[in-house]
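Engineer: Turn this into a structure:
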Amino acid sequence: MSSSEGGSDRVSIPQAESLLARAAALDAQERAGGVSVPELRRAALEAGIGAAAFDAAYREAHVTAAAATVTPPWIVRITMIGVPNRVVAWGFYAFFLLLLFGAGAAAVATRFGWSPPLPIETSLSLFVAGFSVFALWSTAKAIRWTEQNGWDQLP
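Structural biologist: Numbers count the residues shown, from 1 in each chain. Down below sits the predicted model:
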């Protein structure tokens with residue numbers, strides 16, 4: 001373009017978008033504090049952007065920003081360490097469920113004097129059962145959270 005003031009020069013829509021985006025980026029560097037929403041709305045209206053389009057873009061930006069800032073709770077982060085996808089998570093859930101039933105069966109068998117296949121102390125069986133209950137709870141909570149918020153939100 002030959003001049004920055006009015007004139008008869010015409011640019012395509014993609015060029016106009018990139019030009020305005022670059023100008024806004026340079027202006028933001030100068031301001032460092034940001035731009036207020038009313039100033040941004042006024043600039044959009046002056047640029048020929050409709051108020052409804054600006055409002056829709058503003059809402060989309062807020063939804064995208066809110067979704068991007070979701071941080072998983074600590075129990076989800078710890079539970080899902082090394083878990084790549086949903087199938088593996090449900091596999092761990094099934095494993096802990098079987099472990100709970102096995103530990104419970106061993107504790108009951110020992111209590112009644114029966115000999116379980118693997119000799120194990122009752123207190124150890126109860127500890128394994130308690131751990132399995134906690135693991136089932138945390139795995140279910142982590143799976144539920146990731147299903148609601150997306151697997152891409154995990155660190």
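Engineer: Tell me the buried residues in the longest helix along the chain?
Structural biologist: For the chain, the helix that runs over the most residues, judged by DSSP state H, is helix 122-149. Of the residues in helix 122-149, Ser125, Val128, Ala129, Ser132, Ala135, Leu136, Ser138, Thr139, Ala142, Ile143, Trp145, Thr146 count as buried by neighbour count, 16 or more other C-beta atoms under 10 Å. C-beta here means a position set from N, CA and C on the backbone, and glycine is covered the same way.
Engineer: What is the least confident helix or strand in the chain by mean pLDDT packed up against?
Structural biologist: Sorting the helices and strands of the chain by mean pLDDT, DSSP states H and E puts helix 51-68 at the bottom, at a mean of 75. Contacts defined by 3 or more C-beta pairs under 8 Å, 6 or more residues apart in numbering; DSSP states H and E place helix 51-68 against helix 37-46.
Engineer: by how many degrees do the helix it packs on and helix 51-68 diverge?
Structural biologist: 130 degrees (axes from the mean of the first three to the mean of the last three C-alpha atoms, to 10 degrees).
Engineer: Quick one: neighbours of Met80, just the number.
Structural biologist: Number of residues near Met80 (other C-beta atoms under 10 Å) recorded here: 22.
Engineer: Does it touch Arg144 like I think?
Structural biologist: No - between Met80 and Arg144 there is no contact, the gap being 11.7 Å when judged by C-beta atoms under 8 Å.
Engineer: and the following helix or strand past the least confident helix or strand of the chain, what does it pack onto?
Structural biologist: As assigned by DSSP states H and E, the chain's next helix or strand after helix 51-68 is helix 74-79. With contacts defined as 3+ C-beta pairs under 8 Å, 6+ apart, the packing partners of helix 74-79 are helix 122-149.
Engineer: Go ahead and report the secondary structure state at the residue of the chain most remote from its centre.
Structural biologist: Most distant from the centre of the chain: Gly113, at 49.7 Å, with distances by C-alpha atoms, centre = their mean. Classification of Gly113 by DSSP: H, G, I helix; E, B strand; the rest coil places it in coil.
Engineer: Quick one: residues contacting the closest residue to Val128 other than its chain neighbours.
Structural biologist: What sits nearest to Val128 in space, not counting adjacent residues and going by C-beta to C-beta, 6 or more residues apart in numbering, is Ala103, at 4.0 Å. Contacts for Ala103 (C-beta atoms under 8 Å, 6 or more residues apart in numbering) come out as Ser125, Leu126, Val128, Ala129, Ser132.
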